[in-house]
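Student: no letters, just coordinates:
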């Protein structure tokens, strides 16, 4: 049955595909950058990042040699920073082993750091016309509805099953277009939130979920585990025209990024004043900076903030704290969006 969707999908894609910058010049590097950026991120949000990233790092060699602080700054706001760290590891391997060119071989692409079967399939099919599927969340949803797939699509065996099904029907002449047609259908018609637009679907006559009026029941997913809650007290420490930041450890969540200083758990004003004094600073003023939360995939930060002015000191570094002005923060230090709720206490955004 699935082979019947190929031609209608390809025709629909040619007529309805969105004009996206990475589709205009689908070199292996451009496809790679766009696909990594698009993971967990909306298309509209990616466009600006994609242009800035390639302007700063037009070649794989540039990515391989880029200082990490600059690299993380280019990625600032996209989140999931391990994506770009793994990209740099892969770029170094590509430079060292493949003379700076992504190899024209699916298995070798798959063997690069941070590249799974989806990204490898996208690069191989779009840039090199290698008939390999590229199965992301959109494609999983589309095929699960068409076939009424009964298994949890988040399980690896279900993904592998769907990859095997699609590999058997990949059109040899245009595998990249076919993969993108499935992605496009899932992004614009067979959508995850709200009712699917079945009346606009070019393959609705082949869809079992549509035929049985069970579209909303697919894809099947096991219930998500509850996120871990972490309470934090965030400090906006102002020293003249400078504000305190410090670097997170290299590993783990938001590794290597800069953040506003914070303490585990909720603390009272008296405890915060004592902590500031323990740093060797003299607090002049303290006020509440409100509550905020930030949700990661597996953890939720619930934050309470304090704004503290300290007596002016010319020291640029105190312990692990760095005092930076707005220009330095914007141009040099990558600060995650988790702290965006507290940037209003600084004259201009980081």
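Tutor: Cool, the structure landed. Quantities reported herein were computed from a predicted structural model and do not represent experimental measurements.
Student: residues near residue 67, how many?
Tutor: Neighbour count for residue 67, taken as other CB atoms under 10 Å: 8. Heads up, the C-betas are built off the backbone N, CA and C, glycines and all.
Student: ok, residue 259 to residue 93 distance?
Tutor: Counting by CB to CB, to the nearest Å, the gap from residue 259 to residue 93 is 30 Å.
Student: just residue 56 next, same as before
Tutor: With distances taken as CB to CB, residue 56 is found 21 Å from residue 93.
Student: check residue 304 too.
Tutor: Per CB to CB, residue 304 is found 44 Å from residue 93.
Student: and what of residue 69?
Tutor: Here residue 69 is placed at a distance of 21 Å from residue 93 (CB to CB).
Student: one more: residue 221?
Tutor: 34 Å.
Student: swap in residue 277?
Tutor: To residue 93, residue 277 is 49 Å away according to CB to CB.
Student: what packs against the helix or strand where residue 306 lies?
Tutor: Element membership for residue 306, per DSSP states H and E: strand 299-310. For strand 299-310, the packing partners by 3 or more CB pairs under 8 Å, 6 or more residues apart in numbering; DSSP states H and E come out as strand 228-239, helix 269-278, strand 283-295.
Student: so after that strand, what's the next helix or strand?
Tutor: Going down the chain from strand 299-310, the next helix or strand is strand 317-318, by DSSP H and E.
Student: which neighbours does that following strand have in its sheet, and in what orientation?
Tutor: Strand 317-318 has the following sheet partners, assigned by DSSP bridges: strand 321-324 (antiparallel).
Student: what sits up against the partner strand?
Tutor: The contact list for strand 321-324, computed with CB atoms under 8 Å, 6 or more residues apart in numbering, reads 237, 239, 242-247, 258, 261, 279, 315-317, 332-333.
Student: give me the phi and psi for the residue lying closest to residue 337 once chain neighbours are set aside.
Tutor: The shortest distance from residue 337 to any non-neighbouring residue, by CB to CB, 6 or more residues apart in numbering, is to residue 77 (5.5 Å). For residue 77, the backbone dihedrals are phi 100, psi -20 (criterion: degrees, to the nearest 10).
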